[in-house]
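Colleague: Return a 3D structure for these sequence lines:
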Amino acid sequence: MKRHKLIVRLKGGLGNQMFQYATARAMAERNKMELVIDTYSGFVRDKTYRRSFSLGSFNLSARLAKILEQGPFWFEKFLEKYFGKNDKVVKKYPWGLYVNEPSIKFYSNLVEERYDYNVWLDGFWQTEKYFHDTAEAIANEFTLSLPVDKKVVDLGKKIREQNAIAVGIRLYEEAPPCAHDITPLSFYEQTARILANKIETPVFYLFCTARKPIDGKLNLPGEVQYVTHDDGYTGELNSLWLLSQFRYHIISNSSFYWWGAWQAEQKYPSVGVYACDLFPNQDSIPDRWNRFTTSNYKEQSWIEV
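Modeller: Numbers count the residues shown, from 1 in each chain. Modelled structure (predicted):
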């Protein structure tokens, strides 16, 4: 008997693509479907961010979508353009079901229901709740090999030997103004002080795309090291591998830093994650993580980019 197919539309940056793949991977396993990834339609019109397929270095259990299999995604875009957006979550067509993320929160039906049709999956799905039951398999597929850059490997060794804390700072410098909430400086400082009271001789590693906007801006209670493009640390996968070496994480509202912390949890028995609450999807932050409310902080635009 031929299996039904689950075709997932990938879009956004590396962290978002990992969420989309993980959600689809778990859904395909629950429904005994063939997993297919569309690596084209979600990027071809991405003029603002200029993203592209970024999961090629992972050992994915999926095949690439053929041109005709991408058709339903283009059909939905056509309908939206000429007839307006339809908020219906599941649409039934002769070729199968089109499942669109209803809102930026956990949609439990995606996990609870069983689908006996071909499915086209479109959304961001930014919560572990969609793939918690398949976490081990997903962690194996997202395992990164040892970087070829000796500088990165040496830094990873140094991190493992210290009470090192990863501080993930997201500037959203490539986004239109006001497109995202920038995590306030006071979140990093206050959270760092909490950690400094718990561990001896903390060393804070500041991850960011550029050093200049954050250089000297944070008053942290310990040694500070920068892990930025300006300091010679380039490549998203190198940064993701480095993040997975830490036992402590302070993360902004970034899916990329979310995955760095999550991957660290797959390697170590006890990882402390301190996350701000500015994620668009409040279900993004697992209950086991430390959630910090930033609504009372005033300096929302502290970085000049």
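Colleague: From residue 252, how far out is residue 85?
Modeller: Distance, residue 85 to residue 252, using CB to CB, to the nearest Å: 29 Å. Placement of C-beta: from N, CA and C, glycine included.
Colleague: Please apply the same query to residue 94.
Modeller: Distance from residue 94 to residue 252, by CB to CB: 44 Å.
Colleague: Compare the two and say which is more crowded by neighbours.
Modeller: Neighbours were counted for residue 94 and for residue 252 using other CB atoms under 10 Å; residue 252 has more, 27 against 4.
Colleague: State the pLDDT value of the more buried one.
Modeller: Per-residue confidence at residue 252 stands at 95 (pLDDT).
Colleague: Tell me if I'm right that it and residue 276 touch.
Modeller: Yes: under the criterion of CB atoms under 8 Å, residue 252 lies in contact with residue 276, with a separation of 5.8 Å.
Colleague: for stretch 209-222, the distance to its chain's centre please.
Modeller: Centroid separation for stretch 209-222 versus its chain: 23 Å, with CA atoms, centre = their mean, to the nearest Å.
Colleague: Just the mean pLDDT for it, thanks.
Modeller: 94.
Colleague: could you pull out the helices for this structure?
Modeller: Remark: helices assigned in the chain by DSSP state H are 14-30, 67-83, 109-112, 135-141, 150-160, 185-196, 236-243, 255-267.
Colleague: name the helices or strands packed onto the fifth one?
Modeller: Using 3 or more CB pairs under 8 Å, 6 or more residues apart in numbering; DSSP states H and E as the contact test, the elements touching helix 150-160 are helix 236-243.
Colleague: so the helix it packs on versus helix 150-160, what angle?
Modeller: Per axes from the mean of the first three to the mean of the last three CA atoms, to 10 degrees, the angle that helix 236-243 makes with helix 150-160 is 20 degrees.
Colleague: So which bits of helix 236-243 are buried?
Modeller: Neighbour counts using 16 or more other CB atoms under 10 Å place 237, 238, 239, 240, 241, 242, 243 of helix 236-243 among the buried residues.
Colleague: who touches both of residue 252 and residue 276?
Modeller: 183, 187 (CB atoms under 8 Å, 6 or more residues apart in numbering).
Colleague: need the contact list for residue 236.
Modeller: Contacts of residue 236 (CB under 8 Å, 6+ apart): 14, 54, 256.
Colleague: tell me the contacts of residue 3?
Modeller: Contacts of residue 3 by CB under 8 Å, 6+ apart are 32, 33, 34.
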